[in-house]
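> quick one: sequence plus predicted model below, questions after.
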Amino acid sequence: MKVYTLHTHQKLPISLEEAWEFLSDPRNLKTITPDYMGFNILSGADRSMYPGQIIQYIVTPVLGIKTKWVTEITHVQHLKYFVDEQRFGPYALWHHKHFIKEIDGGVEMEDLIHYKLPLGILGQLAHPIVVKPKLNEIFDYRKKKLVELFGTLT
């Protein structure tokens, strides 16, 4: 089964502390997720992020089909990075690293996601038609929303 990669970068004119405070709070995921996805946290977002934290969501990624997604925060290095991994949900594998580093005038954020699709060859066929475009759309929305909230670094 093929492992796919999504890699994004974004620069924002905010402090490292402000970026960390926003990005490491699971409750802010709803703000940076398109409304049509029906993103709703069911449990696990009531405390500051820590390794072993289990967060349960409902999302509606395609065709109005509600899907439960359970992630675990597996690694946290304060003000540097955190990792979330799917424990239950739509992917056969989801491993998402969030890096934040201070740069001149603000911060650079980097997302590195490795994922596999279920359903073998059917999943591979769906990847370029449905999954990859949808993930790109979601992360493009996220970038635009973060610019709306914090501005852009030139």
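Thanks, I have the structure now.

> tally of neighbours for the closest residue to residue 141 other than its chain neighbours?
Computed as Cβ to Cβ, 6 or more residues apart in numbering, the closest residue to residue 141 that is not its neighbour in sequence is residue 34, at 4.9 Å. (Glycine included, C-beta is placed from N, CA and C.) Neighbours of residue 34 under the rule other Cβ atoms under 10 Å: 15.

> for residue 34, give me the pLDDT.
What the model reports as pLDDT for residue 34 is 94.

> residues in contact with it?
137, 138, 141 (Cβ atoms under 8 Å, 6 or more residues apart in numbering).

> so which of the residues you listed would you say is closest to residue 47?
Taking Cβ to Cβ as the measure, residue 47 lies nearest residue 138 of those, at 25.5 Å.

> the residue nearest the centre of the chain: which element?
A centroid search over the chain (Cα atoms, centre = their mean) returns residue 96, at 6.7 Å, as the residue closest to the centre. In the assignment (DSSP states H and E), residue 96 maps to strand 93-103.

> pLDDT on that strand, on average?
In this model, strand 93-103 carries a mean pLDDT of 97.

> and stretch 144-154, by the same measure?
If you average the pLDDT values across stretch 144-154, you get 92.

> quick one: the helices in this protein?
16-23, 120-126, 132-150 (DSSP state H).

> what sits up against the shortest one?
Outside helix 120-126, the residues within contact range by Cβ under 8 Å, 6+ apart are 1, 2, 92, 116, 117, 119, 131.

> the nearest residue to residue 92 once chain neighbours are set aside - how many residues pack around it?
Of all residues not flanking residue 92 in the chain, residue 116 sits nearest, at 4.0 Å (Cβ to Cβ, 6+ apart). By other Cβ under 10 Å, 16 other residues sit near residue 116.

> equivalent analysis for residue 146, please.
Neighbour count for residue 146, taken as other Cβ under 10 Å: 20.

> give me every residue that touches it.
Here residue 146 is in contact with 10, 12, 32, 109 (Cβ under 8 Å, 6+ apart).

> for these, which single residue is the most surrounded?
Going by other Cβ under 10 Å, residue 12 tops the contacts of residue 146 with 24 neighbours.
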